[in-house]
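> generate coordinates for the sequence data below:
(chains A, B, C and D)
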There are 2 protein chains.
Amino acid sequence: MTTSGQAAGKRRRTSARILECALELFERNGFESTTVAQIAAAAGVTEMTFFRHFPAKEQVLLDDPYDPLIAAAVADQPRTLRPLVRTVRGIRQAWSRLSEPESDLVRRRVRIVAESPALRAAAWRNNAETERLIVDQLVRDGTDRLRAHAAAGAALAALMAALFEWARHDDILLAGCIDIALDTVDSDDG
Amino acid sequence: MTTSGQAAGKRRRTSARILECALELFERNGFESTTVAQIAAAAGVTEMTFFRHFPAKEQVLLDDPYDPLIAAAVADQPRTLRPLVRTVRGIRQAWSRLSEPESDLVRRRVRIVAESPALRAAAWRNNAETERLIVDQLVRDGTDRLRAHAAAGAALAALMAALFEWARHDDILLAGCIDIALDTVDSDDG
DNA sequence: CCCAAAAAGTTATGAGCTAACATTTTGCGG
DNA sequence: CCGCAAAATGTTAGCTCATAACTTTTTGGG
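Residues are numbered from 1 along each chain as shown, chains lettered A, B, ... in the order given. This is a model prediction of the structure:
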């Protein structure tokens, strides 16, 4: 390489610093009451630099790598199942491998998101891309758009409920919450 | 009366003018590209006045009277049903009485909302209150928080899917879309 | 026609975000 | 170790949404 990624180390370090400072400020003072200027100052950078690392204030919390995995997992499910069941199983599979160390960071972020209506809404906007991927997959396999959309939306809503409830406690397991939430939607058969 | 609502007529007229101007501009140029200043100018008022009538730009489109009815309708369902089924039936009942004339206005607004990711997210924030009411009702009747949240979220997601799909066409019936979407989630039994 | 209250205007301010251009920092090839 | 191109960051200026404090206009009943 040598050409692309000259000072990539510095960039990652700055990103991490901004992220950590932002999380601490959000936890201490709340998301809305924390300004980008404060975060930037705490991280020793300019507002401009903050926005170069995170396209928006909310993206500090919402830029997670798990969502894209869902669409792939849904595609893996047998095409003979009902759309909702396929989606539910895909989500279950995608979230089954969340290691303990990262689990703590995820919990911190979800906790902050759960507190703010604006952030919960923003989380849905983030989900939109995942939802679109699931819908496309289901439609490709013969489900009509409306049913596909309803199934994907409902399953993701259940997932969000599981994440928010999980984040409210310190000791419960995420997998358990996801199972309960998805069972509520999926009822039984398969 | 006489004391409260001195010049209420003028206020309503101004609101209606702002609403109509905003809708036309949104339809012509898109939601994001339309500034509050443009809307205000078109309606012959100041930006300040715009915000006195609508707390935020998005509220021109999202301030609908139907959502609150849902929580009440859910409460009306037999408490013996599963939470998801109760919620689905409540939604079905609440949206069953949408008269034709208002239907056109609703469709205009939903169409604009469907176009913008930011607006779709904002619609979810609007739903949050409805969701809370449903959850509270279910919890009061013995369902645990997580299951209640999952059921309410999933059912509302299906409703949104129905509204968005319905708004994409000119000739289909909303009731039909809602039935299909909710059936996808509710599967069958009751 | 007068007058209290409601509606709308004025001015100022702050936060989030973007764009154009200048400056510093980084790390590899010589 | 030094220079150099690219990457990272800083600077400045501006737009839009939104809020607050204060003033002026408009409304409709007595």
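> can you list the residues of chain A near DNA strand C?
A:2, A:6-7, A:9-10, A:34-37, A:47-48, A:51, A:55-58 (Cβ under 7 Å from any atom of the strand). The C-beta positions use only the backbone N, C-alpha and C, and glycine is treated the same way.
> repeat the analysis, applying 10 Å as the threshold.
Contact residues (Cβ under 10 Å from any atom of the strand) of chain A with DNA strand C: A:1-3, A:5-14, A:31-40, A:46-52, A:54-60, A:118, A:122.
> among those, name the ones in strands.
Judged by DSSP state E, strands contain none of the residues of chain A next to DNA strand C.
> got the domain ranges for chain A?
If you go by automatic domain parsing, the domain ranges for chain A are A:8-60, A:64-186.
> and among the ones you listed, the most buried is which?
Most buried of the domains of chain A, by mean neighbour count (mean count of other Cβ atoms under 10 Å in any protein chain shown): domain A:64-186, with a mean of 19.
> what is the end-to-end distance of that domain?
End-to-end distance of domain A:64-186: 25 Å, with Cα to Cα, to the nearest Å as the criterion.
> and it, how far from the chain's centre?
Here domain A:64-186 is found 8 Å from its chain centre; the criterion is Cα atoms, centre = their mean, to the nearest Å.
> distance of A:D67 from A:A123?
A:D67 sits 10 Å away from A:A123, going by Cβ to Cβ, to the nearest Å.
> likewise A:H53?
20 Å.
> need the pLDDT of the residue nearest the centre of chain A.
By Cα atoms, centre = their mean, chain A has its centre lying nearest to A:D64, at 4.9 Å. Per-residue confidence (pLDDT) for A:D64: 82.
> got phi/psi on it?
phi -110, psi 150 (degrees, to the nearest 10).
> hang on, it packs against A:E102?
No. Contact between A:D64 and A:E102 fails when scored by Cβ atoms under 8 Å: they sit 9.8 Å apart.
> surely A:Q137 and A:Q77 touch.
No. With contact defined as Cβ under 8 Å, A:Q137 does not reach A:Q77; the gap is 9.4 Å.
> joint contacts of those two?
Counting by Cβ atoms under 8 Å, 6 or more residues apart in numbering or on different chains, A:Q137 and A:Q77 have no common neighbour.
> please tell me how far the residue nearest to the centre of chain A sits from A:K57.
From A:D64 to A:K57 the distance is 16 Å (Cβ to Cβ).
> next one: A:C177
28 Å.
> and if you look at A:S99?
In terms of Cβ to Cβ, A:S99 sits 28 Å off from A:K57.
> does DNA strand D have contacts with stretch A:121-137?
No. Legend: contact between stretch A:121-137 and DNA strand D by Cβ under 10 Å from any atom of the strand is lacking; minimum distance shown is 12.0 Å.
> alpha carbons only: can I get that stretch in PDB?
Extracted in PDB, the C-alpha atoms of stretch A:121-137 (Å, rounded to 0.1, in the frame of the first residue of the first chain):
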ATOM      1  CA  ALA A 121     -35.900   7.800  16.400                       C
ATOM      2  CA  ALA A 122     -32.400   8.200  14.900                       C
ATOM      3  CA  ALA A 123     -31.800   4.500  15.600                       C
ATOM      4  CA  TRP A 124     -34.800   3.700  13.400                       C
ATOM      5  CA  ARG A 125     -33.300   5.800  10.600                       C
ATOM      6  CA  ASN A 126     -30.200   3.700  11.000                       C
ATOM      7  CA  ASN A 127     -32.200   0.500  10.800                       C
ATOM      8  CA  ALA A 128     -33.800   1.700   7.600                       C
ATOM      9  CA  GLU A 129     -30.900   0.400   5.500                       C
ATOM     10  CA  THR A 130     -31.000  -3.000   7.200                       C
ATOM     11  CA  GLU A 131     -34.800  -3.100   6.700                       C
ATOM     12  CA  ARG A 132     -34.400  -2.300   3.100                       C
ATOM     13  CA  LEU A 133     -31.900  -5.200   2.600                       C
ATOM     14  CA  ILE A 134     -34.200  -7.600   4.400                       C
ATOM     15  CA  VAL A 135     -37.200  -6.500   2.300                       C
ATOM     16  CA  ASP A 136     -35.200  -6.800  -0.900                       C
ATOM     17  CA  GLN A 137     -34.200 -10.300   0.000                       C
END
